[in-house]
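K.L.:
Model the following, please.
(chains A and B)
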Amino acid sequence: MSTTPPLTTGAEPATQTPLGVKPIFEVDDLQVEFRTSAGVAKAVNHVGFSVAPGECLAIVGESGSGKTATLLAALRLLPTPPSRTTGGRVLVDGVDLFSLSRKELRDVLGRDISMVFQDSLSAFNPILTIGRQISEGVRRHRGLSKKAARALSIEMLERVGVPDPQQRVDQYPHQLSGGMRQRAMIAMALAGEPKVLIADEPTTALDVTVQAQILELVRSFQDLSIVWVSHDLGVVAGLADRVAVMYAGSIIEQGPVRDIFHDARHPYTRALLGSVPRLRDPERGDLVSIPGLPPSLVDLPPGCPFYARCGVREDRCLSRMPELVDVAPRHQAACFVAADEARTA
Amino acid sequence: MTDMERPGDATDPTSPVALAGPGETMSGAPVTPTFALSKADRGGGGGRLAFNIGVTLVLLWVVIAITIPWWTPFDPVTDQDLQGRLAGPGGEHWFGTDNLGRDVFARVMYGARLSLPIALVTVAVSVAIGCLIGAVAGFLGGIADEVIMRISDIVLSFPAIVLALAIAAALGPSTTNVVISIAAVTWPEYTRLMRGQVLSIRNNLHVLAAQSIGCSRARVFRVHVLPFGLQPILVKATVDLGMVILLAAGLSFIGVGAVPPTPEWGAMVSEAQSRIDSWWLGLFPGLAILSMVLAFNFIGDAMRDRFDPQMRTQRGKGGGAMSRILRRTFLGRAGERAA
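P.N.:
Okay, here's the model as predicted:
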């Protein structure tokens, strides 16, 4: 974290992790389209990021900005059709997921990388016990017997702090509370001891106290690399090492969590932070929102997607999409204005 | 469910709505108790009764089919009494005798030994083929889906009885061929149903979750997709048991089904045509068909009401479950639509 990479333009995603550390999970130039009746929606546009071992990367953005689509497409879980992954590369520990056969992919999923979903009630099969589902993937990976799988399920439930795991293991998803179920979901994702965990807004459906417990739990897995998708900036500030901000299917800024929260360069990130309500702020009684709407993904403008809502826009922003350029050490933004400021500073 | 939770109790003065004050809710809008349902709308009632009648009738027929040799002295084929032919109901022959002096009661009851297995085997074959093909189409998608669905469209575009008749006629009259021909025309309905189910379940979150931890495709399909598609199949299969009995009887009536001395209901009605004076020849096998078809319809409809609340009959619009089933049995699909 101490080395300063040279100030370059259009930096490769691989250079964003601390130098000398090989990223464990790398998404490179990912492009995803959805065929809709209105036309082809470009949901993910040249998205790239990487995560170092033990690091937690948060991806933030508003609904429909492509966070979930990016991750589902990266794990090849996105239903095709209507979606289509038109380009890119996804490396998990050096293995390109897009070059694997379906069978080889199943071997990697759950063992090297796995995913936690937002809605734990619908993410569990309602007609199978929690225990069977937790060890389901591992049974195939390691060829465990039924008995060994059950023991593993109990152990996993214990590790994620579900009380009375001996009993819970034989219960059905609806018999658990929301927080308990989310813990079980995490147990299921971690049962194969993956190196990377992708968490798609896992605390959004939970109340604040349970959310805090889940965050505490996730923080306790220190060797795990985490990609945490959220629109809750408060959660992100407390959890992430680095933050990537998505807008209209592109990453428009990424950097260390401190930089993003205290020294944001992209006008969208600034506006996003400005709209977080603060309790003790006498001058701001009303909720602040960003005027305008994100552009339609079916009809993306050739220039910067934030142009229409931007406070510092210039004519050159209309001609082409600005690339991610370094604006500070390990901190990049996709904005011409921010890039100029960084150069002159 | 406690009494407080019932939607019908919304007009109860102690309900939360009433607590907001007379004529106003929290937002000040006037209260219109649109969700106060009449007693008939709460479900149960007619559906439960229909289900019980259906189950009783089917069980009765099953018991009869199994035990009939012990409680009728007559053999349905070999016991011919030419002296006492075409005798009316009464005395020794409860349902009378036919033109060869055979006991009509024995023949009708023995007919259940034919109709029930035909219905069960046909529906089983049809469900197995239809579901498998439909599930494959839904799960694989693409060209396989397109080809399968167009073929099933072709089969569906014929009226079932006409196509079944053609197939049965081509194969020659026999009970086995009845099963084959009816299964050959009924599988596409299961294919459509199953495909739709698989398509909607395939993208459920729990299927994605199972994939994300590395479950094999076969396991995802078998454990996480298939069981969720079977409910409507089960309902349709039950109703179809009745429909198949009717179709099989129809084929035998026309003469491409069961071969003569066999005591088959459709064939018996057919024979009775030419002796309209001897009303008992056609009436009793006809009633047997009716009771069986009605029974399976009752069960199937009650099951649909139970499993699929969205399809529940809109009560108060042309009566309840009973009248709907009766209408469908006697008037066919047109009767159902007209309501």
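
K.L.:
And the residue of the stretch 51-200 of chain B that's closest to chain A?
P.N.:
Sorted by distance to chain A under Cβ to the nearest Cβ, the residues of the stretch 51-200 of chain B start with B:Gly141, at 7.4 Å. Every C-beta, even on glycine, is put in place using the N, C-alpha and C of the backbone.

K.L.:
Now do the same for A:Leu206: helix, strand or coil?
P.N.:
State at A:Leu206, reduced to three classes by DSSP: H, G, I helix; E, B strand; the rest coil: coil.

K.L.:
And it, its phi and psi?
P.N.:
The phi and psi values for A:Leu206, taken as degrees, to the nearest 10, are phi -100, psi 160.

K.L.:
remind me which residues of the chain are low pLDDT?
P.N.:
Using chain A here. Across chain A, the stretches falling below the confidence threshold (pLDDT under 70) are A:1-20, A:278-286.

K.L.:
not quite, I wanted chain B
P.N.:
Low-confidence segments of chain B, defined by pLDDT under 70, span residues B:1-47, B:308-339.

K.L.:
the strands in it, which residues?
P.N.:
For chain B, no strands turn up when DSSP state E is the criterion.

K.L.:
and the residue nearest the centre of it, what is it in contact with?
P.N.:
With distances taken as Cα atoms, centre = their mean, chain B has B:Val239 as the residue nearest its mean C-alpha position (1.0 Å). Taking Cβ atoms under 8 Å, 6 or more residues apart in numbering or on different chains as the definition of contact, the neighbours of B:Val239 are B:296-297, B:300-301.

K.L.:
Can you tell me which of those is closest to A:Ile186?
P.N.:
Nearest to A:Ile186 out of the contacts of B:Val239 is B:Gly300 (Cβ to Cβ; 43.0 Å).

K.L.:
count of residues packed around that closest one?
P.N.:
The burial metric for B:Gly300, expressed as a neighbour count using other Cβ atoms under 10 Å in any protein chain shown, is 24.

K.L.:
Could you do B:Arg48 as well?
P.N.:
The burial metric for B:Arg48, expressed as a neighbour count using other Cβ under 10 Å, is 14.

K.L.:
quick one: A:Ile127 and B:Pro227, what's the gap?
P.N.:
As judged by Cβ to Cβ, to the nearest Å, A:Ile127 and B:Pro227 stand 6 Å apart.

K.L.:
Regarding A:Asp170, which helix or strand does it belong to?
P.N.:
Assigned by DSSP states H and E, A:Asp170 belongs to neither a helix nor a strand.

K.L.:
go on, A:Met321?
P.N.:
For A:Met321, there is no enclosing helix or strand under DSSP H and E.

K.L.:
Just list the residues touching it, thanks.
P.N.:
By Cβ under 8 Å, 6+ apart, the contact set of A:Met321 is A:45, A:250, A:302-305, A:334.

K.L.:
mind running it again at 10 Å?
P.N.:
With contacts defined as Cβ atoms under 10 Å, 6 or more residues apart in numbering or on different chains, A:Met321 is in contact with A:45-46, A:248, A:250, A:252, A:300-305, A:307, A:334.

K.L.:
quick one: which of the residues you listed has the most company?
P.N.:
Counting neighbours by other Cβ under 10 Å, the top entry in those is A:Cys304, with 29 neighbours.

K.L.:
Run a quick neighbour tally on the residue lying closest to that residue once chain neighbours are set aside.
P.N.:
Ranked by Cβ to Cβ, 6 or more residues apart in numbering or on different chains and with sequence neighbours excluded, the top spatial neighbour of A:Cys304 is A:Cys317, at 4.4 Å. A:Cys317 sits with 20 neighbouring residues when counted by other Cβ under 10 Å.

K.L.:
any idea how far chain B is from A:Cys317?
P.N.:
With the distance defined as Cβ to the nearest Cβ, to the nearest Å, A:Cys317 ends up 37 Å from chain B.

K.L.:
cool, and A:Val298?
P.N.:
Distance, A:Val298 to chain B, by Cβ to the nearest Cβ: 21 Å.

K.L.:
can you check A:Ile134 too?
P.N.:
A:Ile134 is 9 Å from chain B, where distance means Cβ to the nearest Cβ.

K.L.:
Can you classify A:Val44 by secondary structure?
P.N.:
Relying on three-state DSSP, one would call A:Val44 strand.

K.L.:
Now do the contacts for the residue lying closest to it once chain neighbours are set aside.
P.N.:
In space, A:Val44 comes closest to A:Val32 once its chain neighbours are excluded; the distance is 3.8 Å by Cβ to Cβ, 6+ apart. With contacts defined as Cβ under 10 Å, 6+ apart, the neighbours of A:Val32 are A:41-45, A:47, A:66, A:69-70, A:72-74, A:78, A:80, A:83-88, A:249.

K.L.:
Just the buried subset of these, please.
P.N.:
Neighbour-count burial (16 or more other Cβ atoms under 10 Å in any protein chain shown) applied to the contacts of A:Val32 gives A:41-45, A:47, A:66, A:69-70, A:72-74, A:78, A:83-85, A:88, A:249.

K.L.:
Now the host helix or strand of A:Gly234 - C-alpha only, PDB.
P.N.:
Assignment of secondary structure by DSSP H and E places A:Gly234 within helix A:233-239. Output for helix A:233-239, consisting of C-alpha atoms alone and laid out as PDB, is shown next (Å, rounded to 0.1, in the frame of the first residue of the first chain):
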ATOM      1  CA  LEU A 233     -22.400   4.000   1.400                       C
ATOM      2  CA  GLY A 234     -22.400   3.700   5.200                       C
ATOM      3  CA  VAL A 235     -21.800  -0.100   5.000                       C
ATOM      4  CA  VAL A 236     -19.100   0.400   2.400                       C
ATOM      5  CA  ALA A 237     -17.200   3.000   4.400                       C
ATOM      6  CA  GLY A 238     -16.900   0.600   7.300                       C
ATOM      7  CA  LEU A 239     -16.100  -2.600   5.400                       C
END
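
K.L.:
roughly how far is it from the heart of the chain?
P.N.:
How far helix A:233-239 lies from its chain's middle: 13 Å, per Cα atoms, centre = their mean, to the nearest Å.

K.L.:
before we move on, back to that, what is the burial count for the residue of the stretch 51-200 of chain B closest to chain A?
P.N.:
Once other Cβ under 10 Å is used to define contacts, B:Gly141 is seen to have 17 neighbours.

K.L.:
Kindly report the same for A:Gly292.
P.N.:
A:Gly292: 11 surrounding residues under other Cβ under 10 Å.

K.L.:
Which positions in the stretch 1-150 of chain B make contact with chain A?
P.N.:
Counting by Cβ under 10 Å from any Cβ of the partner chain, the residues of the stretch 1-150 of chain B lying close to chain A are B:141-142.
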